[in-house]
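Visitor: Quick one, structure for this:
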Amino acid sequence: MSNIPGPPLSRVLTLEIARVTEAAAISAARLRGRGDEKSADQAAVDAMRRELNKLSIDGTVVIGEGERDEAPMLFIGENVGSGDGPKVDIAVDPLEGTTIAAKALPDSLAVLALAEGGSLLNSPDIYMDKIAIGPGYEPNLVDLDASPEENLNNLAKAKGVPVAEITACVLDRPRHAKLIAGIRNAGAAIKLIGDGDIAGVIHTTNYEETGIDIYMGVGGAPEGVLAAAALRCIGGQMQGRLFPMKENDTERAHNMGIEDINKKYAMEELAKGDVLFSATGVTDGSMLAGVKWRPRSIETETVVMRSATKTVRWIRTEHRSNKYI
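Guide: Sure thing, here's the model as predicted:
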C-alpha cells in the first residue's frame, strides 16, 4: 500500500460515518446484557459493513476484525464502499468492549476511523503497549521508555499538582501487575477498567468529566490505532509499540509490512493525514449515552471528529424509520 496520502476528504463524510456507527451501535444494543459477546459483536459487524458499503468511497480495511482467514467480513485488506469515491483507509471496532456490552456495563462503543489512503498504521490484531495524555502539555512530556514513576512525576509537575492528585487508567489484567505497582509506588491513583481501552485513552482529554489524567498499559493494537485517530482530532499525546505475545505475532507484523517490531510510534505515525473519527454509545458511559428505546423511536448519541478542522460534533439522533424500529 502506498504511504502517500490521497486528496483531502469531503466534509460530507463527517456526517456519513456517523450513520455507520449508529447502525452498528443499535444492532449491538439489541443484545446488550444478554451475556452473548459473539452474537452482539457479529450484529455490530453486519450492520457496520452494510452501511460502509453505501458510502461513496474506495475504502480498504487496515484495522478490522482480524486477518482474512480469521474474519468473514471487515477483515484486514477487505474493500468496502461503492468504489467511486476517494481512496481511504478504514479502521473499525464495530463493538469496542464486547464483554462490557454483554454485561451491560459502561463505555461500550461502536467505533470507526476513516483517513486518506496510506495514513493509518496497517497492524495485525496483536497487542500494543500504549501511553496517552490529553491536550495542553509540552510535546513528549511522557514516554513509553520512561518508568511509570518518571512519567507520573513529569505529568504532575506540568499540571501543577502533587502526584497524589494524578489518576491513571489501566486495563485490569494480570500482565499489568508490575505497572500497577509502579503507579502506586509513585503515589498516584488508578482507575482499573475491565475492557474498552479506546474510551480509556479518550477519557484523558476530558479530566473534568472523567477524572483520568493518563492512560498506560498493554491493550489491542487495533484499538491503539483507533485511539490515536481520535486524539489526532481532539488533541493530546500518545505513543504505541507493538507488543507480541504469541509465537507468530512478529511474523504476522512482518507480513503486513512492519519491519521493526520494536519501533516506538508517535501518535502522528499511528494515524496521519486528514482523519475522521466516529463513535456511538452502545451502553451508557462517561463519554456517550447508550442506545435508548422510546415508544416510537430509537435514540443514539454519537461523537464525530475531524483532524483537519479540529471539529468535534456531538450528535443526538432520534431514529424513527422502520429500518431501526
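Visitor: which stretches of this protein aren't confidently modelled?
Guide: Scanning the chain for pLDDT under 70 picks out 1-8, 69, 322-325.
Visitor: same thing but at 80, please
Guide: Scanning the chain for pLDDT under 80 picks out the ranges 1-12, 67-71, 321-325.
Visitor: Tell me which stretches of it form helices.
Guide: 12-29, 37-52, 98-103, 148-159, 177-186, 197-202, 207-210, 221-234, 249-255, 267-270 (DSSP state H).
Visitor: Could you export these as CSV, including mean neighbour count and distance to E65?
Guide: C-beta: built from backbone N, CA, C; applies to glycine. Below are these laid out as CSV (neighbours: other Cβ atoms under 10 Å; distance: least, Cβ to Cβ, whole Å):
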stretch, mean neighbour count, distance to E65
helix 12-29, 24, 12
helix 37-52, 21, 6
helix 98-103, 22, 11
helix 148-159, 19, 32
helix 177-186, 16, 28
helix 197-202, 29, 15
helix 207-210, 13, 28
helix 221-234, 28, 9
helix 249-255, 16, 15
helix 267-270, 18, 19
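Visitor: Out of these, the one nearest L109 is which?
Guide: helix 197-202 (6.2 Å; Cβ to Cβ).
Visitor: Next one: the closest residue to L114 other than its chain neighbours from T210, what distance?
Guide: Spatial nearest neighbour of L114, chain neighbours left out: L276 (4.6 Å); criterion: Cβ to Cβ, 6 or more residues apart in numbering. Shown here: L276 relative to T210, a distance of 23 Å by Cβ to Cβ, to the nearest Å.
Visitor: gap between V282 and E37?
Guide: Distance from V282 to E37, by Cβ to Cβ: 12 Å.
Visitor: what sits in contact with each of those two?
Guide: Listed as contacting both V282 and E37 by Cβ atoms under 8 Å, 6 or more residues apart in numbering are A101.
Visitor: Break down the stretch 51-200 of the chain into its strands, ranges please.
Guide: Assigned by DSSP state E, counting those that start in this stretch, the stretch 51-200 of the chain shows strands spanning 58-63, 79-80, 87-96, 109-116, 127-133, 167-171, 189-193.
Visitor: what helices or strands is the fifth one leaning on?
Guide: Put plainly, it is strand 127-133. If contacts are counted by 3 or more Cβ pairs under 8 Å, 6 or more residues apart in numbering; DSSP states H and E, strand 127-133 sits against helix 197-202, strand 214-220, helix 221-234, strand 237-243.
Visitor: Recalculate using a threshold of 10 Å.
Guide: helix 148-159, strand 167-171, helix 197-202, strand 214-220, helix 221-234, strand 237-243, helix 267-270 (3 or more Cβ pairs under 10 Å, 6 or more residues apart in numbering; DSSP states H and E).
Visitor: Ok, the first one next?
Guide: For strand 58-63, the helices and strands in contact under the criterion 3+ Cβ pairs under 10 Å, 6+ apart are helix 37-52, strand 79-80, strand 87-96, strand 109-116, helix 221-234.
Visitor: Give me the nearest residue to S10, chain neighbours excluded.
Guide: P86 is the one closest to S10 (Cβ to Cβ, 6+ apart), at 7.3 Å.
Visitor: Now that that neighbour has come up, it's in contact with G117, right?
Guide: Yes: the pair P86 and G117 qualifies as a contact (Cβ atoms under 10 Å) at a distance of 7.6 Å.
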